[in-house]
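based on what follows, work out the 3D shape:
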Amino acid sequence: MTHNFGLHPALELGNRFGSPTGSWPPSAEPVTPFLAIVVNALGAQEAVRWFDAARRAHQSVVAADEARTHQFGFPSCLDRELGLDRAPSLAVVAAWEAMKALYVVARRDAALDIDVLFECALRACSRSSGLPADSPIAAAATA
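Numbering: from 1, shown residues only. Take a look at the predicted model:
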């Protein structure tokens, strides 16, 4: 299932960081194709659930890092947040791999707040769906 996700992540990143000619964090542009893979594989509604779960998973990773406690990393936290089946569809596998890849790239960029990236992804899903600003998708972006 393909959605017209197109430039929506770039528009949201532009709203947040300005023109991409130099003010964007280095990883912002390279991760946008991964965001599109998630949305195109799952659809905007399910992608919202994933991006929101990814934000919570990232917060768990950061909290464990700060507390210097043992953790299994982002994929484990994301799996816990999503509660995925053990026999996922091809679309879920594609979205899963894209989510892990975008996290690795974004995490290496000290100039990018990953929470902001997921917020932009949520807003892009709202924009892509053509839903009003007070839709559940838009509400998840501000939660």
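
tell me which element V62 is part of?
V62 is part of helix 44-67, with elements assigned from DSSP states H and E.

actually F34, sorry about that
Element membership of F34, judged by DSSP H and E, is helix 28-42.

do L112 as well
Using DSSP H and E, L112 sits within no helix or strand.

over to it: give its phi and psi.
The main-chain torsion angles of L112 are listed as degrees, to the nearest 10 and equal phi -110, psi 120.

least trustworthy helix or strand in this protein by mean pLDDT?
Among the helical and strand segments of the chain, the one scoring lowest on mean pLDDT, DSSP states H and E is helix 136-142, with a mean of 48.

secondary structure class for A87?
The assignment at A87 comes out as coil when based on DSSP: H, G, I helix; E, B strand; the rest coil.

buried stuff in stretch 109-118?
Counting neighbours by 16 or more other CB atoms under 10 Å, one finds that the buried residues in stretch 109-118 are 109, 112, 114, 116-118. No exception for glycine: its C-beta is placed from N, CA and C like everyone else's.

that older thread, can you give me the buried ones in the helix holding V62?
By neighbour count on 16+ other CB under 10 Å, the buried set for helix 44-67 is 44, 46-48, 50-55, 57-58, 60-61.

could you dump those into a markdown table with distance to M99 and pLDDT added?
As requested, the buried residues of helix 44-67 are exported to a markdown table (distance: CB to CB, whole Å; pLDDT from 0 to 100):
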| residue | distance to M99 | pLDDT |
| --- | --- | --- |
| A44 | 15 | 87 |
| E46 | 12 | 93 |
| A47 | 10 | 92 |
| V48 | 13 | 92 |
| W50 | 7 | 95 |
| F51 | 9 | 94 |
| D52 | 12 | 94 |
| A53 | 9 | 96 |
| A54 | 6 | 95 |
| R55 | 11 | 94 |
| A57 | 9 | 95 |
| H58 | 11 | 95 |
| S60 | 15 | 94 |
| V61 | 13 | 94 |
